[in-house]
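1. Below: sequence and its predicted model.
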Amino acid sequence: MIPNAGIDESNAGDVYVLWPKDSQATANEVREHLSKKFDIKELGVVITDSTCSPLRRGVSGIALGFSGIKPLRDYVGTPDLFNRPFKVSQSDIVGGLAATAVLMMGEGAERTPLALFTDVTVVDFVDRNPTPDELASLRIPLEEDLFAPFLEQTDWQRGGRKSGGVN
């Protein structure tokens with residue numbers, strides 16, 4: 001559920017900017033290339049875009065793909081400040097990095113195509129592409145989603161081509 005299906009016309013002149021064909025493959029390729037070229041072992045890459053949230057002004061960043069980092073920090077079973085165990089809490093590390101990167105790069109005429117972060121203590125690096133389980137860990141089944149009551153009220157239909165135009 002991304003506004004304008006991820007198609008952006010801002011800061012693009014008379015053209016549209018599209019997401020990479022495969023954002024995950026792009027993140028993997030960029031990490032592998034930079035790791036080899038600069039002999040870096042602890043390197044994470046996050047492909048981002050800006051998006052908006054319902055009933056909120058302003059945009060924030062989302063992760064479209066990532067590589068070289070563990071995507072979540074799991075607090076389940078660890079004690080909170082009052083020594084009660086967390087039951088469901090996880091921090092979205094790649095989402096937090098994406099939001100911070102989009103904030104630092106800006107939305108206007110800043111001309112900052114990437115953000116470089118160092119000494120980020122909450123990031124756990126891995127010297128590999130994400131596993132299928134790590135990719136799946138960022139998705140939540142509808143029956144567990146807090147927004148399920150709203151999402152289930154919509155008659156979702158798969159898009160398609162209309163004759164004489166593009167959807």
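-> Received the coordinates, thanks. Keep in mind that this is a model prediction, so the values were computed, not measured.
2. what residue ranges in this structure are flagged as low confidence?
-> Along the chain, the parts satisfying pLDDT under 70 run over 1, 160-167.
3. all strands for it, in order.
-> Per DSSP state E, the chain carries strands over the ranges 45-52, 59-67, 72-74, 90-92.
4. From the rest of the structure, what touches the longest one?
-> Defining contact as CB atoms under 8 Å, 6 or more residues apart in numbering, one finds that strand 59-67 is touched by 2, 6, 19-20, 22-28, 30-32, 44-53, 94-95, 97-103, 107, 129-130, 138. Any C-beta I mention is one placed from the backbone N, CA and C, and that applies to glycine too.
5. how near is L114 to G68?
-> 15 Å (CB to CB, to the nearest Å).
6. Have a look at the two and say which one is more surrounded.
-> G68 (25 against 11; other CB atoms under 10 Å).
7. wait, doesn't the more buried one sit right on L43?
-> Yes: contact criterion CB atoms under 8 Å: G68 and L43 qualify, at 5.2 Å.
8. picking up where we left off before, to V15, which of the strands of the chain lies closest?
-> Of all the strands of the chain, it is strand 45-52 that lies closest to V15, at 16.4 Å by CB to CB.
9. follow-up on the earlier one: let me have the strands of the chain in CSV, adding mean neighbour count and distance to T154 as columns.
-> Listed next are the strands of the chain as CSV, based on neighbours: other CB atoms under 10 Å; distance: least, CB to CB, whole Å:
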stretch, mean neighbour count, distance to T154
strand 45-52, 21, 18
strand 59-67, 21, 21
strand 72-74, 14, 28
strand 90-92, 14, 24
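10. Let's have those in a markdown table, adding distance to N11.
-> As requested, the strands of the chain are exported to a markdown table (distance: least, CB to CB, whole Å):
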| stretch | distance to N11 |
| --- | --- |
| strand 45-52 | 11 |
| strand 59-67 | 13 |
| strand 72-74 | 31 |
| strand 90-92 | 26 |
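11. Could you give the bridge partners of the residue positioned nearest the centre of the chain?
-> Against the mean C-alpha coordinate of the chain, by CA atoms, centre = their mean, the closest residue is A63 at 1.2 Å. Per DSSP bridges, the residues bridged to A63 are T48.
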